[in-house]
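A.B. asks: Pasting the sequence and the predicted model now:
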Amino acid sequence: MAERSTAQKLATRSTCLFETSMNSLAEIELFLDHLTVERGLARNTLLAYRRDITRYCDFLASLNKTISDATESDIEKFLTVLRSGDDNHQPLSVSSAARSIIALRGFHKFHARERSEQDPAAAVRPPTPSRRLPKALSLTEIEAIINGAGDGSTAQSLRDRALIELLYATGARVSEIVGLEIDQLKAPLTSVKLFGKGGKERVVPVGSFASAAMDAYLVRGRPALVAKGEQTKTRGGGKGGKGGSARKVFLNLRGTGLSRQSAWEIVRAAALKGAVTSELSPHSLRHSFATHLLDGGADIRTVQELLGHASVATTQIYTLVTIDRLREAYLMAHPRAR
């Protein structure tokens, strides 16, 4: 009888946990739908929120708790787990842990409002990462990277050169450039329409160097990549570029759209060939674009618009970089600075 009672309890607990899990998943989807409609968050942001909140709900389930049962202490414990890691997850960086806490704070706020409950996450503060100033490349380094992309004698080098020129000319995110489609470009290429986070649209001017590189790629490079894609499609039984992928401006050697990772590898390879030893990141050309504009006297509001920042506060971090450069020049040049 005792064994049967224990088995029944375990079965009941399993059923409850399953129902709790299903209810949590349904509520997560409701929250994500709310974010999509009310805030227009980007797809990648929504995917990150789903991962973060699902992990949190799994954590609560391991404590035999639901969202309604969670306490401030539970959330603090979850933050500790995020930073230290567990059997199934590596420790998160401060910025990643902060994003997770921000996601579940929003989730709890939504849940509390819908059910008229107390919000246990209201007083929980996400960890604050130390602010790292963006590192800008010098103009000499930018030119070395562009030259490292090749001389334009092949379709691949025409593409790589155009990609790097356009990244630096527009200050666009890598995802915005690889997402470009042919119908977003108009000849002569003096500007380009970009779609940023949350699908927000902006038009950014394109300078003469980038325009010339893009013309060369579109006339001589891209058609060759499309042709290679058709050959691959014929040999591989239909796996070439097609549909939306074939409309992308920047193509890989299979004739399909270039990925973000591939674009970053192109920049890194060009920097290596150009003997650029400065630390690089996927945002290096974007950081350089903003810093060089401010160094040249551009208004911060203009730079904000060009970068597609929702708040000027995000753009202001670049002013700290330019102030550091001014201070360095002052110390070097002023006779009584030291």
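C.D. replies: Here it is on my side, so go on.

A.B. asks: and the helix or strand containing D58, which residues are buried?
C.D. replies: Per DSSP states H and E, D58 falls inside helix 43-62. Going by neighbour count (16 or more other C-beta atoms under 10 Å), the buried part of helix 43-62 is 45-46, 48-50, 52-53, 55-57, 59-61. Every C-beta, even on glycine, is put in place using the N, C-alpha and C of the backbone.

A.B. asks: The following helix or strand past it packs against which elements?
C.D. replies: Next in sequence after helix 43-62, counting helices and strands by DSSP H and E, comes helix 72-84. With contacts defined as 3 or more C-beta pairs under 8 Å, 6 or more residues apart in numbering; DSSP states H and E, helix 72-84 has these neighbours: helix 43-62, helix 94-115.

A.B. asks: re earlier: now the helix holding D58 against helix 72-84, angle please.
C.D. replies: Orientation of helix 43-62 against helix 72-84 (axes from the mean of the first three to the mean of the last three C-alpha atoms, to 10 degrees) gives an angle of 120 degrees.

A.B. asks: so what's F209 up against?
C.D. replies: For F209, the contact set (C-beta atoms under 8 Å, 6 or more residues apart in numbering) comprises E165, A169.

A.B. asks: Tell me which helix or strand comes right after the host helix or strand of it.
C.D. replies: Using DSSP H and E, F209 falls within helix 208-216. Tracing the chain past helix 208-216, the next element assigned as helix or strand by DSSP H and E is helix 222-235.

A.B. asks: From the chain's centroid, how far away is that next one?
C.D. replies: Between the centre of helix 222-235 and the centre of its chain there are 30 Å (C-alpha atoms, centre = their mean, to the nearest Å).

A.B. asks: So for it, what gets flagged as buried?
C.D. replies: Residues of helix 222-235 classed as buried by neighbour count (16+ other C-beta under 10 Å): R222, A224, L225, V226, K228, G229, T232, K233.

A.B. asks: and the helix holding F209, which residues are buried?
C.D. replies: Here helix 208-216 shows A210, S211, A213, M214, A216 as buried, counting by 16+ other C-beta under 10 Å.

A.B. asks: Extract the CA atoms of it and return them as PDB.
C.D. replies: Included here for helix 208-216 are C-alpha records, laid out as PDB according to Å, rounded to 0.1, in the frame of the first residue of the first chain:
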ATOM      1  CA  SER A 208      31.600  57.800 -53.900                       C
ATOM      2  CA  PHE A 209      34.100  55.100 -52.900                       C
ATOM      3  CA  ALA A 210      31.500  52.700 -51.700                       C
ATOM      4  CA  SER A 211      29.200  53.500 -54.700                       C
ATOM      5  CA  ALA A 212      32.000  52.700 -57.200                       C
ATOM      6  CA  ALA A 213      32.800  49.400 -55.400                       C
ATOM      7  CA  MET A 214      29.100  48.500 -55.400                       C
ATOM      8  CA  ASP A 215      28.700  49.300 -59.100                       C
ATOM      9  CA  ALA A 216      31.600  47.100 -59.900                       C
END
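
A.B. asks: That helix: how far from the chain's middle?
C.D. replies: Relative to the chain's own centre, helix 208-216 is displaced by 26 Å; criterion: C-alpha atoms, centre = their mean.

A.B. asks: which strands and helices sit next to the helix or strand where A313 lies?
C.D. replies: According to DSSP H and E, A313 maps onto helix 312-315. If contacts are counted by 3+ C-beta pairs under 8 Å, 6+ apart, helix 312-315 sits against helix 300-307.

A.B. asks: outside of the helix it packs on, which residues touch it?
C.D. replies: The contact list for helix 300-307, computed with C-beta under 8 Å, 6+ apart, reads 170-171, 202, 204, 286, 289-290, 293-294, 311-312, 314-316, 318-319.

A.B. asks: where are the low-confidence patches of the stretch 51-200 of the chain?
C.D. replies: 129-133 (pLDDT under 70).

A.B. asks: let's go with 50 and repeat that
C.D. replies: Low-confidence regions of the stretch 51-200 of the chain, defined here as pLDDT under 50, do not occur.

A.B. asks: Which stretches in the stretch 151-300 of the chain count as strands?
C.D. replies: Under the criterion DSSP state E, counting those that start in this stretch, strands of the stretch 151-300 of the chain are mapped to 191-195, 201-205.

A.B. asks: Just give me how far stretch 262-276 sits from the chain centre.
C.D. replies: The chain centroid and the centroid of stretch 262-276 are separated by 19 Å, computed with C-alpha atoms, centre = their mean.

A.B. asks: do stretch 160-174 as well
C.D. replies: 16 Å.

A.B. asks: now swap in stretch 98-105 and tell me
C.D. replies: When distances are taken as C-alpha atoms, centre = their mean, stretch 98-105 is centred 17 Å away from the chain's centroid.

A.B. asks: Same check on stretch 220-234?
C.D. replies: Centroid separation between stretch 220-234 and its chain, computed with C-alpha atoms, centre = their mean, is 29 Å.

A.B. asks: next one: stretch 100-107
C.D. replies: For stretch 100-107, the separation from the chain centroid amounts to 18 Å (computed by C-alpha atoms, centre = their mean).
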